[in-house]
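Asks: with the input below, show me the fold.
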Amino acid sequence: MDEQLTELRCVVGEGPSEATLRGLLARTSGDVAAAANAFFDGSTAEQVMSDSAAGACHSRPGDDVLATLFKTLEDVGRKLAERDQQLDLATRVCETLVRRVEVAERTVASCDADQCEREEAAAKDEAEAAAAAALSSAQAEADTTSTASASGRLPAGFGRLHHILRAITALPLMPASRLLRWVGGMIRSPLLLNYTWPLVPLTSGTEPASSTPARGAEGAATNPRPVEMESEAMDDEEYEHEGEEEDDEEMDGEEEEEDEDEEDETLVKESEDVAQMAATVAAVQAQARQALSLPAELLEHVTAWEAQQAGLELEWRQRQSRLHAEFEERKRRLEEQQIGQRKKFREACNEALRPLYEEGAEVCAELEKLLVGKICRICQAAADTAVLPEVQRGPLARIKAISFGKMDSPLRIPNCPSRGMASVPVSAGVLVTLEKIVDRNGIAMLPASDDPMAPFTRSGRGTTEMKIPLRLLSSRVRMLTEEETALAVGAASGTNESIFIVRYSGGENGAPIEPVEIKPAGLSLAEYEISFASGVTALRVEHRADGPVKCRAEPAAQKQVFSETPVELYTEEVDNETHNIVQLYFSDLRDEVAVDVLNLTNSELTLQDTECVVFQQDATGAALNYKIIVRDGAVIAVLYQEGDEVHSSPFVEHRLPPPGSYVTLPDGSLGKLQALPRGLIVACNPRDLPENAPQFPLRSGLRAKGKHPAELPGVVDIEILQQDGAVLWPPHQCSIPVCALRKADSARLQAWHAQWDSYVTGRGKGAHALVERMEQVLEEGLNGSGRMPKEIVSQLTELYGELEEIQRELHDLKQPGVAEQQVNNLQRRIQRFAALARFG
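Replies: Reported below is the predicted structural model:
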């Protein structure tokens, strides 16, 4: 208790009394932290006692409490500031260490790359030296022997010294300056200074042609002292020069050593701070581990294992980083080498090809003077077949330019149907650029400068410009004479029919755009591709072989009805005076179409009477558009109004078969028609017929034929009995559009009835076969066939379930199956056997 009291006193200060602190500890069961929190909250033991005695509210804390609280807060803030400074220092140290590690990694990577390159170069040099070693060794020994015999005073070890010097010069790691100083020291040795050229005796007064070296050697032999003095003077100069260089190097080395010493001192200081911080962190972690109450041996084992893991992972991570840095350095050097080689190759290539390209430009300029501007006809067959019509000869074109490909900007094979061949560059030969004027039908071509799709190429798409090799020009085009040129150009530019005109409908408020008519008349839509993908203002028309042509879009709003397209009606004759129009399809561009009907049965009216040709308004006040006239159970006329004129439209009436008839679908399925829905009723007197709305789900893959009134869905229920040539039972129930129905012919019905009889007979035979099989299994069970009774009961249950399913199917088909008495007897026998197997 005293220790807790002392700790609490250190936290809250000297202000509160001992009784107050003891009361706080008693309330918190000895928890110092909770007692300190309660003290700073103002709920002291003295206040609680005074509140319980007087029943008054808690009073605010005293001045001593607030002073202690402020002092504690100041101490905490000061400690936090110190921690922030330590953290800032640690961050700077870490950043410095990271930078130095990065510099060291780059240095190591560069050294590794240099070492690898040196090893590769050394291996290459060794391979080359090994091949020449046999030839050079004999020659070197012969030279050494002859030199030693001629000198007379050369020491015996000079040959070995010669080989040593050659080996030293081949070392790649020794700097050149040190190697020269070391070799110079050896050359200045007394051993080599005593060497003199041998005297060659003269046999005659006339000197030979090679007497100059002998005289020089003789002078050196007769007066050796000047040679030694000259050598010493040269050595002194070399020593002085080397001494100056060494002094400069020593000064630079001292400056570098001073910088390194400063960096080392800074690093040592930072390392000490980091070590102190690491020790503090380790102490805190050790206290935290002690709070876990784990065995000391286990904690030591864990600590050792973690240190081993960290050290081993750090080692291999450093190896990985070093290897990666080496690869990056070698990659960079290889890229620089490749860039340099490519630059040299490009310069050499340009230097070699420049005269050839200049000559090619001169040749193209001469050809342009002769060919540019001439009109020609692109031929689809041989160029000399003048008997071919103009359509087969192809479009009219003008020679635009003469050019040739270069190595750095090759041309492409023109008009190549194969995509693989079109990607092969062509940089040899002269090419003639042709600009098409009109296509093979006389429509003006769209210039490449006005074509927004010109930069985008597509396989199989024609273009306004085409390139033909000069050597193939005569076989691909036919040059026109002056008379033919004047005639062709005049015909292409002097008529308004040289522009492709598309008359369209729709396009308002996002409605689809439909082409109605094209001009000039006589063009085939199979040769052109019309696109309204970007709207009416951006109409694009392309000839599938020649390329884009000039075009213009014109609205055809005044044409609302396609009079050439017949109106199709799907009807049912209810009786002589009532006609049920289940569905009708018409070609009309108006958004809303109102239809009226008129029955002329038992009347003397004709189609020319006012009641037939006058279109009244409907109940909503809208003008009627169509009028269907029926007489004696058949449609006799379909009239439509366009503007103020009334026209007669061609029509086709499809009589629907009565309910219960067999019908076929487009996929060959056979079904039975259900009740026809109520459509547009045409009767002399108003009648109320059942609606017969479709109840089955719509069959996928089938849709209405065209535009029809929204009030007439034209969908009828059907039961499919045969699908994919097989009987489908129970039948599949669905609804389909009436335009997809076709009444089954007699041959199809005959084949179906034969298949159906075979199917029903087979099902009946299958039921009797099941009964026989169950009786056989019962006999085997009663006679003890060796099988387990449980297995026999399970098999009998399964077979009886199949028999019940077949019996229900035969009952639905209204066909006789197994007799009911026989089925009941079989059921009792199975039950008796199951009871014996259970209690047996």
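Asks: go through stretch 16-31 and flag the buried ones.
Replies: 16, 20-25, 27-28 (16 or more other Cβ atoms under 10 Å). All C-beta spots, glycine's among them, are computed from the backbone N, C-alpha and C.
Asks: what is the lengthiest strand in the chain packed up against?
Replies: The single longest strand within the chain, with elements called by DSSP state E, is strand 726-737. Counting contacts by 3 or more Cβ pairs under 8 Å, 6 or more residues apart in numbering; DSSP states H and E, strand 726-737 is packed against strand 715-723, helix 746-782.
Asks: show residues contacting that strand.
Replies: Identification of contacts with strand 726-737 by Cβ atoms under 8 Å, 6 or more residues apart in numbering yields 583, 665, 671-672, 694-699, 702-705, 714-723, 755-756, 759, 809, 812-813.
Asks: pull out the buried residues from it.
Replies: So strand 726-737, judged by 16+ other Cβ under 10 Å, has buried residues 727, 734-737.
Asks: which of the residues you listed lies closest to Leu472?
Replies: Distance to Leu472 across the buried residues of strand 726-737 (Cβ to Cβ) is lowest for Pro737, with 57.0 Å.
Asks: just give the closest residue to that closest one, not the sequence neighbours.
Replies: When the adjacent residues along the chain are set aside, Pro737 lies closest to Ala704, with 5.2 Å between them (Cβ to Cβ, 6 or more residues apart in numbering).
Asks: so what strands line up beside the following helix or strand past the longest strand of the chain?
Replies: Of the helices and strands lying after strand 726-737 in sequence (DSSP states H and E), the nearest is strand 742-743. Strand pairing for strand 742-743, determined by DSSP bridges: strand 662-664 (antiparallel).
Asks: host element of Val635?
Replies: Under the criterion of DSSP H and E, Val635 resides in strand 634-642.
Asks: just checking, next helix/strand downstream of that strand?
Replies: Of the helices and strands lying after strand 634-642 in sequence (DSSP H and E), the nearest is strand 645-648.
Asks: run the chain-centre distance for that next one.
Replies: 58 Å (Cα atoms, centre = their mean, to the nearest Å).
Asks: between the buried residues of strand 726-737, which is closest to Ala275?
Replies: Cys734 (85.5 Å).
Asks: averaged pLDDT, whichever helix or strand Glu102 is part of. What do you get?
Replies: According to DSSP H and E, Glu102 maps onto helix 63-151. Taken as a whole, helix 63-151 has an average pLDDT of 78.
Asks: what is the burial count for the closest residue to Lys374 other than its chain neighbours?
Replies: Using Cβ to Cβ, 6+ apart and skipping residues adjacent in sequence, the residue nearest Lys374 is Ile399, 5.1 Å away. Ile399 has 22 neighbours, counted by other Cβ atoms under 10 Å.
Asks: cool, and Glu260?
Replies: As a burial measure, Glu260 scores 10 neighbours (other Cβ under 10 Å).
Asks: following the chain onward from the strand or helix carrying it, which element is next?
Replies: Secondary-structure assignment from DSSP H and E places Glu260 in helix 224-290. Downstream of helix 224-290, the next assigned helix or strand under DSSP H and E is helix 296-371.
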